[in-house]
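Student: A predicted structure for the sequence below; I have some questions about it.
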Amino acid sequence: MKQAAPARAAAVKRARPRLPGIATPPGKTPTMTRSLHHTVASLGLLAALCATSGAHAQANIDQSRAVAGGINSTDTAGFPITLTQSGHYRLTGNLVVPAGLTGIDIQGHNITVDLNGFTISGPVTCSRNASTREVTCANKPAVETFGVSAPSVLQGVTVRNGAVRGFSRGVRLLGQAVVDGVSASHNGHGIDVWGSEGSAGKVMHSRAEMNSGNGITVYSGMVLHSTASRNGWSGFTAGSSAYVQVIDSVATGNARSGFSGMTLRGSLAMDNAANSRTKVQSLGQNVDEQGKY
């Protein structure tokens, strides 16, 4: 016996499965809508947490900003510019640092200072006696000053692409640091990178000239494609480090050794007054007054 049409329709309706979020009793929030709200809220919280934990500063620096301060949360007005927050800091003009002060003081990990082709300058000026090769400097500060300094052992610090002149030490970085494309002149010492075992430093594509002390000093790490000339002490020195490798670099016209205490490959030392090389090891392709070694 056939069912009546209305009764058959009611049976089909009862048998049809209920889809979440489609058929919902009155007064109830659809299941699909609740799930969507929860997902959106979770994604928003995750994004906020990521933004907070991974925040990196991006700041441009010129003379007026240095004087005003506030480049990051710990930076007060005037010099030194104090950088504590990880990030990229870029010069947009030259910085002139008053006597007795440091230019930039780095106190945080993973900080890059891009000099952007500009110069950080202090008041020290140096001259060289061509006969004795001695370099003497005027306006030396009573306390040690730095163009750029990282005074404690840090990881991931880079200073690049510009010039530093007129300080006790042009650039002095401790820890796992890189100096790339920097010219240091008219300082007490040019470029110092004080790495350590497991935190080696690197100097590359850089130049140190007319500094009264050493041109480039690395305490543990590597020097590549760099030049040290007409410095009052050694061109390149390893300080007290057990191992520093120098590759494709040039030392000329320095008052002491061209290279001291390093392992050399493909490097040139000429016209250095005391000795072209002191306590060095050769990996080959080096040249000095004595020929190839």
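Tutor: Perfect, I can see it now. The model shown is predicted, which means the values in this text are computed figures rather than measured ones. Numbering: from 1, shown residues only.
Student: quick one: contacts for residue 124?
Tutor: Residues in contact with residue 124 (Cβ atoms under 8 Å, 6 or more residues apart in numbering) are 137, 138, 139, 140, 141, 165, 166, 167, 168, 186, 187, 188. (Glycine included, C-beta is placed from N, CA and C.)
Student: ok, so of the residues you listed, who is nearest residue 103?
Tutor: Of all those, residue 167 has the smallest distance to residue 103: 7.3 Å, by Cβ to Cβ.
Student: Give me the pLDDT value at the closest one.
Tutor: pLDDT, residue 167: 98.
Student: What segments of this protein are helices?
Tutor: Using DSSP state H, the helices of the chain run over 5-15, 31-53, 63-68.
Student: same question for the last one, mean pLDDT?
Tutor: To tie it back to what came earlier, the one meant is helix 63-68. 98.
Student: And stretch 281-293, by the same measure?
Tutor: Mean pLDDT, stretch 281-293: 90.
Student: Ok, stretch 119-131 next?
Tutor: 96.
Student: how deep is residue 152 tucked in, by neighbour count?
Tutor: By other Cβ atoms under 10 Å, 10 other residues sit near residue 152.
Student: show me what contacts it?
Tutor: Under the criterion of Cβ under 8 Å, 6+ apart, the neighbours of residue 152 are 107, 174, 175.
Student: So which of the residues you listed are in strands?
Tutor: 174, 175 (DSSP state E).
Student: sorry, back to before: show me which of the contacts of residue 124 are buried.
Tutor: With burial judged by 16 or more other Cβ atoms under 10 Å, the buried subset of these is 137, 140, 141, 165, 166, 167, 168, 186, 187, 188.
Student: which residues does the second one contact?
Tutor: When you say that, I think you mean residue 140. Residue 140 touches 124, 168, 188, counting by Cβ under 8 Å, 6+ apart.
Student: same question, the first one
Tutor: The neighbourhood of residue 137, defined by Cβ under 8 Å, 6+ apart, consists of 124, 125, 126, 127, 186, 187, 188, 212.
Student: rerun that using 10 Å as the cut-off
Tutor: Neighbour list for residue 137: 124-127, 166, 168, 186-188, 210-213, 232 [criterion: Cβ atoms under 10 Å, 6 or more residues apart in numbering].
Student: can these go into a markdown table with extra columns for distance to residue 260?
Tutor: As requested, the contacts of residue 137 are exported to a markdown table (distance: Cβ to Cβ, whole Å):
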| residue | distance to residue 260 |
| --- | --- |
| 124 | 24 |
| 125 | 26 |
| 126 | 21 |
| 127 | 24 |
| 166 | 25 |
| 168 | 21 |
| 186 | 22 |
| 187 | 19 |
| 188 | 17 |
| 210 | 19 |
| 211 | 15 |
| 212 | 17 |
| 213 | 12 |
| 232 | 14 |
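Student: Neighbouring strands - and their directions - for the longest strand seen in the chain?
Tutor: Secondary structure of the chain per DSSP E: the longest strand is strand 146-165. Note on strand 146-165: by DSSP bridges, its sheet partners are strand 104-106 (parallel), strand 111-114 (parallel), strand 119-121 (parallel), strand 169-185 (parallel).
Student: buried stuff in it?
Tutor: Neighbour-count burial for strand 146-165 flags 146-150, 153-154, 157-165 (criterion: 16+ other Cβ under 10 Å).
Student: Between those, which sits nearest residue 92?
Tutor: Set against residue 92, the nearest of those by Cβ to Cβ is residue 162 (11.6 Å).
Student: okay if I get the strands paired with strand 146-165 as CSV plus mean neighbour count and distance to residue 247?
Tutor: Converted to CSV, those look like this (neighbours: other Cβ atoms under 10 Å; distance: least, Cβ to Cβ, whole Å):
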stretch, mean neighbour count, distance to residue 247
strand 104-106, 25, 26
strand 111-114, 23, 23
strand 119-121, 22, 27
strand 169-185, 24, 14
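Student: rewinding a little: pLDDT-wise, what's the bottom of the contacts of residue 152?
Tutor: pLDDT across the contacts of residue 152 is lowest for residue 175, at 89.
Student: List the residues that contact it.
Tutor: Shown in contact with residue 175 (Cβ under 10 Å, 6+ apart): 106, 109, 150, 152-157, 193-196, 198-201.
Student: Only alpha carbons, please: show the longest strand of the chain as PDB.
Tutor: Provided in PDB are the C-alpha atoms of strand 146-165 (Å, rounded to 0.1, in the frame of the first residue of the first chain):
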ATOM      1  CA  PHE A 146      85.600  53.900  20.400                       C
ATOM      2  CA  GLY A 147      83.900  54.600  17.100                       C
ATOM      3  CA  VAL A 148      81.800  51.400  17.500                       C
ATOM      4  CA  SER A 149      82.100  49.100  20.500                       C
ATOM      5  CA  ALA A 150      80.600  45.900  21.800                       C
ATOM      6  CA  PRO A 151      82.200  45.800  25.200                       C
ATOM      7  CA  SER A 152      80.900  42.400  26.300                       C
ATOM      8  CA  VAL A 153      80.900  39.000  24.600                       C
ATOM      9  CA  LEU A 154      78.000  38.900  22.200                       C
ATOM     10  CA  GLN A 155      76.600  36.800  19.300                       C
ATOM     11  CA  GLY A 156      75.700  37.900  15.900                       C
ATOM     12  CA  VAL A 157      77.100  41.500  15.800                       C
ATOM     13  CA  THR A 158      78.000  43.000  12.500                       C
ATOM     14  CA  VAL A 159      79.500  46.400  11.600                       C
ATOM     15  CA  ARG A 160      79.700  47.200   7.900                       C
ATOM     16  CA  ASN A 161      80.100  49.500   5.000                       C
ATOM     17  CA  GLY A 162      81.600  52.800   6.100                       C
ATOM     18  CA  ALA A 163      84.400  54.600   7.900                       C
ATOM     19  CA  VAL A 164      85.500  55.200  11.500                       C
ATOM     20  CA  ARG A 165      88.200  57.700  12.500                       C
END
